[in-house]
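>>> Provided below are the primary sequence and the corresponding predicted coordinates.
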Amino acid sequence: MDVAVVGDGPGGLSAAIFLAKNGQEVAVYGDDNTAMHWALLKNYPGIAEIRGSDYQKIARQQAESFGAKLIAERVDAIDRNDDGFVVTLDSGESTTVRFVILSEGKSPRLAKALGLEFAGDGGVVTDKNSQTSISGVYAVGRLSRPGRSQAVISAGDGAAAAIDILSTLKGEDLTDWDSPPES
């Protein structure tokens, strides 16, 4: 597995879509128990209005259509090793990945266990690409912006993390641009 995404809200699903679409093996861990199910989106570009639950359904289907694996299990621990990170589930199953994207919302259990740096507002400190103080670990959405959480911003954070990972793997900046088929 290339990337483990912990959390399946807009940030995690956006990252998974970009990564899977570009050929990366991605596992998204989450049980679709996100605040989006209590949201009504009226400011998502290109969508006049959509219930958060409908958005979640569409985004989850889109991620799976590109090959992302959606796994309804809780991540118990993440540990660093020479090959990247070992992600251990509550079931005891573990997998090694090169990159981790945390989209834990307002419950930063794994971020704290990894020893990530937190800002005064309680958010994980990241750079403009959502990279944390630990190389290969990204924090997106409410986890890095606890007081400024918003679906489209969270999705943007996930996209920025994914593009940064893809650029790192390629060894140069990557632009994710799809052209329509010629008619």
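Now that the structure is in, tell me what you want to look at. Residues are numbered from 1 along each chain as shown.
>>> only C-alpha atoms for contact and neighbour calcs from this point on.
Will do.
>>> which parts of the longest helix that the chain contains are buried?
In terms of residue count, the longest helix belonging to the chain (DSSP state H) is helix 151-170. Residues of helix 151-170 classed as buried by neighbour count (16 or more other C-alpha atoms under 10 Å): 151-166.
>>> Stretch 99-109 now?
Within stretch 99-109, the residues that qualify as buried are Phe99, Val100, Ile101, Leu102, Ser103, Glu104, Gly105, Lys106, Pro108, counting by 16+ other C-alpha under 10 Å.
>>> what's the closest non-adjacent residue to the fifth one?
Read that as Ser103. Gly7 (4.7 Å; C-alpha to C-alpha, 6 or more residues apart in numbering).
>>> right, and Arg80 touches Val86 too?
Yes - at 6.3 Å, Arg80 and Val86 qualify as touching, with contact defined as C-alpha atoms under 8 Å.
>>> any residues touching the lowest-mean-pLDDT helix or strand in the chain, and which ones?
In the chain, no helix or strand scores lower on mean pLDDT, DSSP states H and E than strand 40-41, which sits at a mean of 84. For strand 40-41, contacts defined as C-alpha atoms under 8 Å, 6 or more residues apart in numbering pick out Glu49, Ile50, Arg51, Gly52, Ala151.
>>> what sits against the fourth one?
Gly52 makes contacts with Met36, His37, Trp38, Ala39, Leu40, Leu41, as judged by C-alpha under 8 Å, 6+ apart.
>>> Switch the residues you listed over to TSV; also include neighbour count and distance to Ala27.
Listed next are the contacts of Gly52 as TSV, based on neighbours: other C-alpha atoms under 10 Å; distance: C-alpha to C-alpha, whole Å:
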residue	neighbour count	distance to Ala27
Met36	20	20
His37	15	22
Trp38	10	25
Ala39	15	25
Leu40	14	27
Leu41	18	26
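>>> As a markdown table, those with distance to Gly136 would be great.
What follows is those, written out as a markdown table (distance: C-alpha to C-alpha, whole Å):
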| residue | distance to Gly136 |
| --- | --- |
| Met36 | 27 |
| His37 | 30 |
| Trp38 | 32 |
| Ala39 | 31 |
| Leu40 | 33 |
| Leu41 | 31 |
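>>> Thanks a lot, catch you later.
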